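**Student:** The following block contains a protein sequence and its predicted model.
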Amino acid sequence: MAPRPRKKRNAGLPANLYTVGKGYYRYRRPDTGTWHGMGNDRAKAVAAANQLNGRLMTGADLVADVMGDSVSLNGFLDYYEAEVLPPRQLAQATLDLYAVRLRQIRAALGAQDIGQITIGMVSTFLDGLTPRASNQARAYLVDVFNYAAAKGLVADNPPEATIPRIDNKTRKRHTVKGVRKIYAEAEPWLQNAIDLALLTAQRREDILAMRFDDIRDGALHVAQHKTRRASDAGWIRLPMTPQLKSLVARCRDEVPSPFLIHRKPERRVASGRHWTQVDNRYLTRAFKAARDAANPYPDWSPAQQPGFHELRALSLHLYKKAGKDGQKLAGHSTRKMTKNYEADHEEVVWTEAVADLDLSNITG
């Protein structure tokens, strides 16, 4: 990736000195990234910038000064999102999370020259996030800077020198009694989603991707978005047990949809999705609304309230309690498994798992 030359309006100015508007100058401290007004007198601004650079510039700044060009973090993130992420074939939910964190990174550090970003700048940014968000953003930045180092744009990896935050998970687990109350407040399509989560122990995005035409040869076939490219365990064949057959029949209603979980929206919006398809965020919000209406856990704080995702943990717990093995349903393997290379050919090796949890005592 070729370095991006300095803008013409800033050509001839000392490093870290920039023009803004008509003849106004600003100085960016190379150690903290903070901006400081320098007035509209060019000679005074240049003299002050040279003096500050003499005190504040690091070796990386001197190299940039000699080379006369630089690459902003925003510029490199454009490359990272266009060239690095696509080949990884990440699940849409993961890409959505990347998008959120990279937007935050761009807003805080994007304008900085990537070679001049310091540990202090990264640390200040990360300190402004929650522990979980901070650790996610830190991991992404470490990866970004590894690629930047491979391109010769940075000499080290400042994000890697920061310390991950301790993330004590405060969200509690669902109880059967609590789920019953939430279920009573849920719309029919959401009830179907809850039942599918409990019966199949699948992730939110995999439940929403289930289609009626995935049912063939007497089984529902699930290609788990998160694990299907890393393990053979991610390709699951669920025989049509009486419990699953009954649930699928209930999913068939008057709304013509290819998806098991669907709803008729108030109005159709052009989104690239089928008009009846439910997306991850809508499901999360709908479940939260039903949970808040039911108030099943009145003694727990808002941060402790479990969401739709936690239904999976309850499902696996109930399978274990019933003496059944939920490991195959979850797509977990007991040993290190080779990547399912068949996924890129005509035939895929499916792992059979039985979804036969008795829901009658849970959601009725």
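**Tutor:** Happy to help now that I have it. Just so it is clear, the model here is predicted, and its values are computed rather than measured.
**Student:** how's this structure carved up into domains?
**Tutor:** If you go by automatic domain parsing, the domain ranges for the chain are 4-68, 73-161, 176-352.
**Student:** Name the stretch from the ones you listed where average model confidence is lowest.
**Tutor:** Lowest mean pLDDT of these: domain 4-68, a mean of 71.
**Student:** residues near residue 22, how many?
**Tutor:** 6 (other Cβ atoms under 10 Å). Placement of C-beta: from N, CA and C, glycine included.
**Student:** what about it, distance to residue 46?
**Tutor:** Separation of residue 22 from residue 46 (Cβ to Cβ, to the nearest Å) stands at 17 Å.
**Student:** swap in residue 285?
**Tutor:** Counting by Cβ to Cβ - residue 285 and residue 46 are separated by 54 Å.
**Student:** So which bits of the helix or strand hosting residue 103 are buried?
**Tutor:** Assigned by DSSP states H and E, residue 103 belongs to helix 92-109. Judged by neighbour count using 16 or more other Cβ atoms under 10 Å, the buried positions of helix 92-109 are 93, 98, 101-102, 104-105, 108-109.
**Student:** With stretch 123-134 instead?
**Tutor:** Neighbour counts using 16+ other Cβ under 10 Å place 123, 125-126, 129, 133-134 of stretch 123-134 among the buried residues.
**Student:** ok, back up a step: out of the buried residues of helix 92-109, the closest to residue 166 would be?
**Tutor:** Closest approach between those and residue 166, by Cβ to Cβ: residue 101, at 18.9 Å.
**Student:** burial measure for the nearest residue to residue 198 once chain neighbours are set aside, as a count.
**Tutor:** In this structure, residue 198 finds its nearest non-sequential neighbour in residue 315, 4.8 Å apart by Cβ to Cβ, 6 or more residues apart in numbering. For residue 315, the neighbour count with other Cβ under 10 Å is 25.
**Student:** Distance of the closest residue to residue 50 other than its chain neighbours relative to residue 88?
**Tutor:** Closest residue to residue 50 apart from its sequence neighbours, by Cβ to Cβ, 6+ apart: residue 14 at 5.2 Å. Applying Cβ to Cβ, the value for residue 14 to residue 88 is 40 Å.
**Student:** Mind checking which of these two has more residues around it?
**Tutor:** Taking neighbours as other Cβ under 10 Å, residue 14 and residue 88 compare with residue 14 leading, 19 against 10.
**Student:** My read is that the more buried one contacts residue 46, right?
**Tutor:** Yes - between residue 14 and residue 46 a contact is recorded at 6.0 Å, counting by Cβ atoms under 8 Å.
**Student:** Which member of the buried residues of stretch 123-134 is positioned nearest residue 186?
**Tutor:** The nearest member of the buried residues of stretch 123-134 to residue 186, counting by Cβ to Cβ, is residue 133 at 28.8 Å.
**Student:** could you say which helix or strand contains that closest one?
**Tutor:** Short version: residue 133 belongs to helix 131-150, going by DSSP H and E.
**Student:** Quick one: work out the angle between that helix and helix 92-109.
**Tutor:** Orientation of helix 131-150 against helix 92-109 (axes from the mean of the first three to the mean of the last three Cα atoms, to 10 degrees) gives an angle of 80 degrees.
**Student:** could you say what helices and strands the helix or strand following helix 131-150 packs with?
**Tutor:** Under the assignment DSSP H and E, the closest C-terminal helix or strand after helix 131-150 is helix 158-161. Contact analysis of helix 158-161 by 3 or more Cβ pairs under 8 Å, 6 or more residues apart in numbering; DSSP states H and E lists helix 119-127, helix 131-150 as its packing neighbours.
**Student:** Go ahead and produce PDB holding the CA coordinates of the longest one.
**Tutor:** C-alpha atoms of helix 131-150 as PDB (Å, rounded to 0.1, in the frame of the first residue of the first chain):
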ATOM      1  CA  PRO A 131     -14.100  -3.300  29.700                       C
ATOM      2  CA  ARG A 132     -15.600  -5.600  27.100                       C
ATOM      3  CA  ALA A 133     -15.600  -3.000  24.300                       C
ATOM      4  CA  SER A 134     -12.100  -2.000  25.300                       C
ATOM      5  CA  ASN A 135     -10.800  -5.500  25.000                       C
ATOM      6  CA  GLN A 136     -12.500  -6.000  21.600                       C
ATOM      7  CA  ALA A 137     -11.100  -2.700  20.300                       C
ATOM      8  CA  ARG A 138      -7.700  -3.500  21.600                       C
ATOM      9  CA  ALA A 139      -7.700  -6.900  19.900                       C
ATOM     10  CA  TYR A 140      -8.700  -5.300  16.600                       C
ATOM     11  CA  LEU A 141      -6.000  -2.600  16.900                       C
ATOM     12  CA  VAL A 142      -3.300  -5.200  17.700                       C
ATOM     13  CA  ASP A 143      -4.300  -7.000  14.500                       C
ATOM     14  CA  VAL A 144      -4.300  -3.800  12.500                       C
ATOM     15  CA  PHE A 145      -0.900  -2.700  13.700                       C
ATOM     16  CA  ASN A 146       0.500  -6.200  12.900                       C
ATOM     17  CA  TYR A 147      -0.500  -5.800   9.300                       C
ATOM     18  CA  ALA A 148       0.800  -2.200   9.300                       C
ATOM     19  CA  ALA A 149       4.200  -3.500  10.600                       C
ATOM     20  CA  ALA A 150       4.200  -6.100   7.800                       C
END
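**Student:** Ramachandran coordinates for the most far-flung residue of the chain relative to its centre?
**Tutor:** Most distant from the centre of the chain: residue 43, at 47.7 Å, with distances by Cα atoms, centre = their mean. Main-chain dihedrals, residue 43, degrees, to the nearest 10: phi -60, psi -40.
**Student:** Appreciated, that's everything.
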